[in-house]
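J.: This is a predicted model, with the sequence first.
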2 protein chains.
Amino acid sequence: MRYAAGVDVGGTNIECGILDAQGSILLKRKMPTRPDSGAEDILQRITATLERLYAEAGVAAQDIAVIGLGIPGLVDPEVGMSLRAVNLNWIQVPVAAMLRELTGKPVFIDNDVRMYTYGEAVAGAGRGYEYIYGITIGTGLAAAYVQRGGIYRGHRFLAGEIGHIPVNPAGITCGCGRTGCLETIVSATGIARQARTRIVQGEHSLLRERFADVEDIRASDVSRASREGDGLSRDVLERTGRELGRALSWVVPILAPDVIIIGGGGALAGEDLTGPMRQEMNARLLQDYAGRTAIRYAALGDDAGVIGSGLWALSQLNK
Amino acid sequence: MRYAAGVDVGGTNIECGILDAQGSILLKRKMPTRPDSGAEDILQRITATLERLYAEAGVAAQDIAVIGLGIPGLVDPEVGMSLRAVNLNWIQVPVAAMLRELTGKPVFIDNDVRMYTYGEAVAGAGRGYEYIYGITIGTGLAAAYVQRGGIYRGHRFLAGEIGHIPVNPAGITCGCGRTGCLETIVSATGIARQARTRIVQGEHSLLRERFADVEDIRASDVSRASREGDGLSRDVLERTGRELGRALSWVVPILAPDVIIIGGGGALAGEDLTGPMRQEMNARLLQDYAGRTAIRYAALGDDAGVIGSGLWALSQLNK
C-alpha cells in the first residue's frame, strides 16, 4: 500500500496528515507555525511531526511514497521554491530540497490555495467535473484553477490573485495600497468590517445588542445573525454575494469552468451569500454559460489542503 | 515537403491558403461565403478552390498533409462539428467529416478566433511567449487563449465570449438582448457608434465636416481623425481603451498571460486606444502582474486565420 504525507502550511498553523491514494486521511495533526523560528526550524518540526504520525498510524516510513506541501504566497513548483510568503517571512526558500534532505522523500510543493482546490477537485466537491474554479473566502479572497486534473498556474505561477481587482472606487484602502479591491468586500474580513461600519454609523442590528465592542464581530457572527433574521447582516451578505457574482461573471466567460467551488470561512454564510451571488452572476451571463456552470460548496472542510497536497504529490510521482 | 491548407470561414468571405510547416503562405485566395447556399455547397466550393490553389502553387495534392478550418460560432473540435454559427445559419453541421469526404484529407476545425490567435501565437506577435491571450476588436469583441502551444477551450468549448459581459448599466441594448455589454463599447461597431452619437448630439468634430451622413462613419474614420488631432475621436478611442483596460484587469489575474495580443480592425487605432488601455490596466493591477504582461499588436493581419488553421491542423496530425 502506498501512502502520501500532505502538509498545509499557514501563517498561524500547520496541518500535517497521512493519506492513502484515494485521499482518505489516516491521521492528521495541527501545530503552530511560529514563523519567527525560520524555515529550517519549521521544516524540521514538520519532519518530526510526520515521523510521529507514521508511527501512530502504524504505517512503515518506507510506505510513504511522497510528501506534498501547500505554502501561502508565490511558489515555483517546478524548482520547488517558495518565491515569497509574506506571512512566513520567506523569500526564495528552496523548500522542496530542504524537506527532501530532512526526510529522504520526494517532495512537491505549490501554493496553498492551489493545493486546496486540487483536493476539492479530485476528492471533494469537484468530483465528476473537468474545469474547476475554486474560490476561498477567508482573511482575503483567493482563487485557483484545476483543469483536466492539472493545476493551472499561468505565467510565473501568478494566476489567482483576483482579490486585488479594484471594484469600488469609493471604497476603503486595501492592504495592497490601492482602493476598493474585491477582497475589501468579498472576504471574511470584509464581511465583518461592513457590518461593524454600519453599526458604528448607527444602523440597527442584533449584533449591536450582542457585542459590547463592535471590533469583536466576526464574519461567522454576521452569518449567524443573518440566519436569525437580522436585516443588516442579511444585507451585508447580500451585497457581498452580489459583488462576488459580478466577479464570477468575468471568470466564467474567460475560463468557462464547469463548476465553481466556494470555500473558506465566508462560505459558511451559505445561501444568504450564494443566493444573491448566483442571481447576479446568472443575470450577467449569456445563457450558454448561465445554464452550464455549477456552483458547489467546498466539501472537505479543513482537510482539503492536506488531501490536495498529498494527492497532488502522488500524481506527480506517477508521471 | 509537407504542406497544409488553411481555411478561414467568415460570414461574408472565405479565405483559403496553402502554407508550409513554418507557416509561410505560398498562395491565398478570397471568395464570397454566400451562406444561403448551404454547408454542402460552401464546402464543395472550398474543395474546388483548394484544388486550384494546389495546381497554381505547383504543389502536388498528395503533399498537402492536412486541412485546417476556422469557423465562427461554437465549434466542437473533438468531433469536428460546427455546433452553432449564426452568420452561416449552421446548426450541428459535421464539417470535418463532410470536408474529409470531399477532399480525402484529414480535417481539423475550431472556432475562427481560436485559429486566429493560434496563428498569432506560434507564427506572429506571440512568438517566444507561452501564455497568449488574443483579443480581436472587430464587429464584436472576441477572445481566445493559447497556453503552451495548446488551444484553450474550457467546458463545452465555451471560453472566450468576453464581449457580452455587462459593463455599463446605463448603456445601450446589445444584440444579445442585455444592456451595456463590453462589446457595445469595445468593438469597431462600438467605436463608430460612440462617435456618431456624440456628433448627432451636437459635439464638434472633424468627422462632422467630413461626412454628410453620420451613418457612413466607421471605426477606421474615427482612428484617422484622432491621429489628425480631432478631439472627439481621440476621446472616443480613449474611453474605449480605458474600458478594455478595465476588462484586461480581470483577464490578467484570472489567467496570468505573459502576452496580450490586440488584433482586429479596432486595433488599427493604435496608441490612441492602447495607450489609455495600458494605463488603465496597469493602474488596476498588482505590481507583479503589471510589470509582467506584455501588450503586442497582431502581426499577421488578414493571414492569421489561414496560418493558424493550417498550423493547428499540422500540429494535430503529428500527435
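T.: Structure's in. What do you need?
J.: contacts, neighbours, all on C-alpha from now
T.: Fine.
J.: A:Leu99 and A:Leu43 touch, don't they?
T.: Yes. Between A:Leu99 and A:Leu43 there is a contact at 6.3 Å, judged by Cα atoms under 8 Å.
J.: Of the two, which one has the most company?
T.: Using other Cα atoms under 10 Å in any protein chain shown, the more surrounded residue of A:Leu99 and A:Leu43 is A:Leu99, with 22 against 19.
J.: Find me the pLDDT at the more buried one, would you?
T.: For A:Leu99, the model assigns a pLDDT of 98.
J.: Same question for the one 4 residues further on.
T.: A:Thr103 is assigned 98 on the pLDDT scale.
J.: residues in contact with the worst-scoring helix or strand of chain A on mean pLDDT?
T.: The weakest-scoring helix or strand in chain A, judged by mean pLDDT, DSSP states H and E, is helix A:287-290 (a mean of 90). Applying Cα atoms under 8 Å, 6 or more residues apart in numbering or on different chains, the external contacts of helix A:287-290 come out as A:252-253, A:256, A:281-283, B:158.
J.: now do stretch A:229-248
T.: A:182, A:185-186, A:191, A:194-195, A:203-206, A:222-223, A:225-227, A:269, A:272-281, A:284.
J.: mind running it again at 6 Å?
T.: A:186, A:205-206, A:222, A:226, A:273-274, A:276-277, A:280-281 (Cα atoms under 6 Å, 6 or more residues apart in numbering or on different chains).
J.: ok, back up a step: buried set for the least confident helix or strand of chain A?
T.: Within helix A:287-290, the residues that count as buried by 16 or more other Cα atoms under 10 Å in any protein chain shown are A:289-290.
J.: after that helix, next one along is what?
T.: Moving toward the C-terminus from helix A:287-290, the next helix or strand (DSSP states H and E) is strand A:294-297.
J.: longest single helix anywhere in chain A?
T.: Criterion DSSP state H: the longest helix present in chain A is helix A:231-255.
J.: Let me know the angle separating it from helix B:231-255.
T.: Helix A:231-255 and helix B:231-255 are oriented at 90 degrees to each other (axes from the mean of the first three to the mean of the last three Cα atoms, to 10 degrees).
J.: Where does pLDDT dip in chain A?
T.: Applying pLDDT under 70 to chain A flags no residue at all.
J.: Could you pull out the strands in it for me?
T.: A:3-9, A:13-20, A:25-32, A:64-71, A:74-76, A:81-85, A:90-93, A:107-111, A:131-137, A:141-147, A:150-152, A:259-263, A:294-297 (DSSP state E).
J.: would JSON lines of the ones you listed with distance to B:Gly241 and mean neighbour count be doable?
T.: Below are those laid out as JSON lines (distance: least, Cα to Cα, whole Å; neighbours: other Cα atoms under 10 Å in any protein chain shown):
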{"stretch": "strand A:3-9", "distance to B:Gly241": "42", "mean neighbour count": "29"}
{"stretch": "strand A:13-20", "distance to B:Gly241": "45", "mean neighbour count": "22"}
{"stretch": "strand A:25-32", "distance to B:Gly241": "49", "mean neighbour count": "16"}
{"stretch": "strand A:64-71", "distance to B:Gly241": "37", "mean neighbour count": "26"}
{"stretch": "strand A:74-76", "distance to B:Gly241": "31", "mean neighbour count": "22"}
{"stretch": "strand A:81-85", "distance to B:Gly241": "33", "mean neighbour count": "20"}
{"stretch": "strand A:90-93", "distance to B:Gly241": "37", "mean neighbour count": "16"}
{"stretch": "strand A:107-111", "distance to B:Gly241": "34", "mean neighbour count": "27"}
{"stretch": "strand A:131-137", "distance to B:Gly241": "29", "mean neighbour count": "27"}
{"stretch": "strand A:141-147", "distance to B:Gly241": "27", "mean neighbour count": "24"}
{"stretch": "strand A:150-152", "distance to B:Gly241": "29", "mean neighbour count": "18"}
{"stretch": "strand A:259-263", "distance to B:Gly241": "30", "mean neighbour count": "25"}
{"stretch": "strand A:294-297", "distance to B:Gly241": "33", "mean neighbour count": "18"}
